[in-house]
Every structure is written in structure tokens, then in C-alpha cells.
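Chemist: Dropping a prediction and its sequence here:
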Amino acid sequence: MLDFNQFNELGKDRFPGYLGIVVTAVEENNVFMEMPIRPEIFAPNGYVHGGSIVALADTAAGYATVLNLPEGARSFTTIELKTNFVGAAKEGTLECESILDHKGRTTQVWRVIVRHKEKQKNVAIFTCTNLILY
């Protein structure tokens with residue numbers, strides 16, 4: 001099982017690293033991440049862009065899928081995702097936690113709760129289905 005340092009190294013020079021996403025903890029069925037709120041990830045309205053929030057949540061679900069690939073699987077691809085935005089953020093840090101809803105041999109379904117770390121208020125509820133590739 002990869003640890004949080006290995007995931008951070010993998011994402012360092014990729015999109016997660018550009019966004020400032022940091023894995024803070026890894027468990028078998030959970031990945032915990034943080035992303036600092038900074039102007040580069042804002043929409044023109046002065047709040048964190050929805051795409052930045054989705055990228056954080058999708059990264060958490062993807063890393064969690066990697067941790068839970070069935071024997072013989074080589075990778076995965078996302079086949080569906082949905083996000084309900086339930087709050088907004090302008091400063092501080094976003095944090096998220098992945099939750100495994102379905103662990104099959106051909107698909108996995110993940111839910112990711114994105115919260116404002118300092119206020120402990122939900123910002124988004126993200127769900128995705130990942131297709132397991134053999």
C-alpha cells in the first residue's frame with residue numbers, strides 16, 4: 001500500500017501539485033487531502049472555482065481507487081462524476097475525505113466530502129464511478 005508521502009511525490013509535478021494538493025493521511029478505504037485556498041484557484045467572482053474543488057475531490061477518489069485495485073487490475077478510469085456544491089470558500093484550507101460506497105471487480109464508487117478546514121463546514125459532496133482496467 002502506498003503511503004501519503006509516495007502519493008505526494010507522484011502528484012508533485014502534475015496537476016495535483018500545481019493546485020497545491022497534499023495527501024495528509026492514507027488508510028485502506030480512505031484518503032485525506034488538503035488544498036490551500038489561494039487566488040490562483042479562484043473564479044472571477046472571488047471564491048474558489050468549482051473546478052478546483054472537483055479536482056481536489058477527484059484526486060482523492062483516484063488515489064483511493066489505486067489503493068483498492070483488485071488483484072490483476074492495472075489501472076482505472078473515471079466514467080462518471082457528480083458534485084453538489086453546498087458552500088463556498090475565500091480563505092483558509094479545503095480538506096477532504098474519500099468514502100468507499102462500492103468496491104466491485106469492474107467498478108468502484110467513491111464519495112468525497114470537501115470541507116472548509118477552519119470552519120468545519122461542507123463545501124461540496126462529490127461522487128464518482130471508476131472503471132477498473134485489466
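Modeler: Received, thanks. Numbering: from 1, shown residues only.
Chemist: what's the single longest helix in this protein?
Modeler: Counting by DSSP state H, the longest helix found in the chain is helix 50-67.
Chemist: what packs against that helix?
Modeler: Identification of packing neighbours for helix 50-67 by 3 or more C-beta pairs under 8 Å, 6 or more residues apart in numbering; DSSP states H and E yields helix 15-19, strand 22-27, strand 30-36, strand 75-85, strand 93-103, strand 107-116, strand 121-133. For every residue, glycine as well, the C-beta is placed using N, CA and C.
Chemist: Report the inter-axis angle for that helix versus strand 121-133.
Modeler: 50 degrees (axes from the mean of the first three to the mean of the last three C-alpha atoms, to 10 degrees).
Chemist: same question for helix 50-67, mean pLDDT?
Modeler: Confidence for helix 50-67, expressed as mean pLDDT, is 97.
Chemist: Keeping just the C-alphas, turn it into CSV.
Modeler: Provided in CSV are the C-alpha atoms of helix 50-67 (Å, rounded to 0.1, in the frame of the first residue of the first chain):
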residue,chain,number,x,y,z
GLY,A,50,-15.8,24.8,-8.7
GLY,A,51,-13.3,23.1,-11.0
SER,A,52,-10.6,23.4,-8.3
ILE,A,53,-12.9,21.7,-5.8
VAL,A,54,-13.8,19.0,-8.2
ALA,A,55,-10.1,18.4,-8.9
LEU,A,56,-9.4,18.0,-5.2
ALA,A,57,-12.2,15.5,-4.8
ASP,A,58,-11.4,13.6,-8.0
THR,A,59,-7.8,13.3,-6.9
ALA,A,60,-8.9,11.9,-3.5
ALA,A,61,-11.2,9.3,-5.2
GLY,A,62,-8.5,8.4,-7.8
TYR,A,63,-5.8,7.8,-5.2
ALA,A,64,-8.3,5.8,-3.1
THR,A,65,-9.1,3.7,-6.1
VAL,A,66,-5.4,3.0,-6.7
LEU,A,67,-5.2,1.8,-3.1
